[in-house]
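Peer 1: Based on what follows, work out the 3D shape:
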Amino acid sequence: MAETHGKIKFILLIAAAIIAAAVCRAAIVAFPDDYARETKLAAAEFGVDDALIRAVILAESGYDENAVSAAGASGLMQLMPGTREMMSAATGIAADGSAGSEIRLGTAYLARLLKMFGSEEDALAAYNAGPSNVMKWKAGDGQPFPETSVYVKRVAAYRRIYARVFAF
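Peer 2: A predicted model of the protein is given here:
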């Protein structure tokens, strides 16, 4: 009986390992980690949480370097041309279209918004809808766009997942 019990425990252990591997693989497919080196470097350079950067990339472009929005935002972090130019001038980072420069420029902009608004929620709203809209909303002039509210919640959820799944 002890031998049967041991075999059952072994089979359960193997089954648990297979399930854990499948869950990890599914998480990696659903939550890409293609630019981990670049996001970690940008996080250190600008003092922004790495999981937050990854979450913004996932929400903005789905990790598609060639993504272009209907409004004209482009790249991994979906920067508008004027924002890209402004951040390039402010930081000295060449806006060369590479993944590394796009992540650095987007992270620099996110860091600026975090400092400007003092709250992650407001900074994310500003990243999505523009700082002037958030300033109006905070002053009581109108309500946040429904899509912006959804965006902020989605990025926060993605960030929690990135922080747990890729916490190494």
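Peer 1: Find the nearest non-adjacent residue to Ala94, please.
Peer 2: Ser101 (5.9 Å; CB to CB, 6 or more residues apart in numbering). For the C-beta atoms, the positions are set from N, CA and C on the backbone; glycine is no exception.
Peer 1: Please apply the same query to Ser88.
Peer 2: Nearest residue to Ser88, sequence neighbours excluded (CB to CB, 6+ apart): Ala95, at 4.2 Å.
Peer 1: Quickly find the element holding the residue nearest the centre of the chain.
Peer 2: Nearest to the geometric centre of the chain sits Ala55, at 1.8 Å (CA atoms, centre = their mean). Element membership of Ala55, judged by DSSP states H and E, is helix 50-61.
Peer 1: which outside residues touch that helix?
Peer 2: Here helix 50-61 makes contact (CB atoms under 8 Å, 6 or more residues apart in numbering) with 31-33, 35-36, 39-40, 42-43, 63, 67, 73, 75-78, 103, 106-107, 110, 120, 124, 127, 151, 154-156, 158-163, 166.
Peer 1: ok, which stretches of this protein are helices?
Peer 2: 2-30, 36-46, 50-61, 81-91, 99-117, 120-129, 131-138, 146-165 (DSSP state H).
Peer 1: Is it possible to get TSV of those helices that adds mean pLDDT?
Peer 2: Formatted as TSV, the helices of the chain follow (pLDDT from 0 to 100):
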stretch	mean pLDDT
helix 2-30	53
helix 36-46	96
helix 50-61	97
helix 81-91	97
helix 99-117	98
helix 120-129	97
helix 131-138	96
helix 146-165	94
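Peer 1: So what's the residue count around Glu85?
Peer 2: 13 (other CB atoms under 10 Å).
Peer 1: Check whether it really touches Ile93, as I assumed.
Peer 2: No - checked against CB atoms under 8 Å, the pair Glu85 and Ile93 is beyond contact range at 11.1 Å.
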